[in-house]
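Undergrad: okay, here's the prediction I keep looking at, along with the sequence it came from:
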Amino acid sequence: MALLKPLLTALSAFALISASVSTSPGDELQKPINLSNYVCEHPAYKVLMVSKSPLVIYIKDFITPPERAHLLNLTEKTFTRSGVTSGKSKSHHSVRTSQSTTAPRDAVVRCIESRALAFQGYDTPETHLEPLQLVKYGPSERYHFHTDWFTSSSHTQGLGGNRVSSFFAYVHVANDTMGGGTNFPRLDAPANDKWCQEGIVDCDDEWENGVTFRPVEGNAIYWENLLPDGRGDERTLHAGLPVFSGGKVGMNIWTRQEPLPEGVRGDDL
């Protein structure tokens, strides 16, 4: 695996957070953002290249503490059992045992959307972005190995095409959390010990299991799902590993090849 020096330098964020997952006494609470005087500002996050093929990038401080607190407050009490897309419908399945919800498109959510689009180079219109999805994992919950891109045309034709790219950001991680990493079994293990020392990669895992990213609040993983010819890249297979204790809330940001049908993204709040 090729490793590059950081591409961007970061501005540190604050500490967080929250109420949606059970928290430990040491978890710091942050007031949600006051929308009456809100101005969209992007943090100077730090980017680390994990793999050039497939393209996988680790992003430090991508979601700020106030944004994370706001997302948890915005979606509180709206989580339901996560579904798995199969055929033409979505159903509950043992491979995915988390809870999930869609974040309403208020000013803060739109700000995060614009950041995700700009990260990809300014050329992707916001109409290609799926609604932001939050996923909550408690003890023993997981999402078994899967890809974000679809194999069936029933999920792509007239629905914006396939998923070009994915972000998975960590919105909240309880202080007592064990497990719950994001595993890419077909990525090469990192060559530099800094990945372990900085707590980004779980170096207790066997290298033949690929790369497991530890859940760290505010940080995100970005990857591209499709090969140049438009086929899905099998190397982007990944899993949300079981949470042994504590809990986490993550956020999926998916970009499609084409505009989504009108009304799918939801109205602005």
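TA: Everything's here; your move.

Undergrad: roughly how far does residue 194 sit from residue 200?
TA: In this view, residue 194 and residue 200 are 8 Å apart by C-beta to C-beta, to the nearest Å. (C-beta placed from N, C-alpha, C; glycine too.)

Undergrad: who has more neighbours, these two?
TA: Higher neighbour count among residue 194 and residue 200: residue 200, with 20 against 12, using other C-beta atoms under 10 Å.

Undergrad: is it true that that one touches residue 215?
TA: No - applying C-beta atoms under 8 Å, one finds residue 200 not in contact with residue 215, separated by 10.7 Å.

Undergrad: any idea how far residue 188 is from the spatially most central residue of the chain?
TA: By C-alpha atoms, centre = their mean, the chain has its centre lying nearest to residue 168, at 1.3 Å. From residue 168 across to residue 188, the span is 19 Å (C-beta to C-beta).

Undergrad: need the longest helix for the chain.
TA: Counting residues, the longest helix found in the chain (DSSP state H) is helix 107-119.

Undergrad: now tell me what touches that helix from outside.
TA: In this structure, residues lying in contact with helix 107-119 by C-beta atoms under 8 Å, 6 or more residues apart in numbering are 33, 35, 38, 40-42, 59, 62-63, 67, 70-71, 74, 103, 105, 124-126, 129, 132, 167, 222, 253, 255, 268-269.

Undergrad: now a ChimeraX select for only the buried ones of those.
TA: Selecting only the buried entries of the contacts of helix 107-119 in ChimeraX, with 16 or more other C-beta atoms under 10 Å as the criterion:
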select :33,59,62,63,67,70,71,74,103,105,124,129,132,167,222,253,255
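
Undergrad: so what's residue 196 up against?
TA: Residue 196 neighbours (C-beta under 8 Å, 6+ apart): 190, 203.

Undergrad: can you verify it is assigned to a helix?
TA: Yes - Residue 196: assigned to a helix according to DSSP: H, G, I helix; E, B strand; the rest coil.

Undergrad: so where's the chain uncertain?
TA: Residues of the chain that meet the criterion pLDDT under 70 lie in 1-30, 32, 83-94, 205-208.

Undergrad: any idea which strand is longest in it?
TA: strand 163-173 (DSSP state E).
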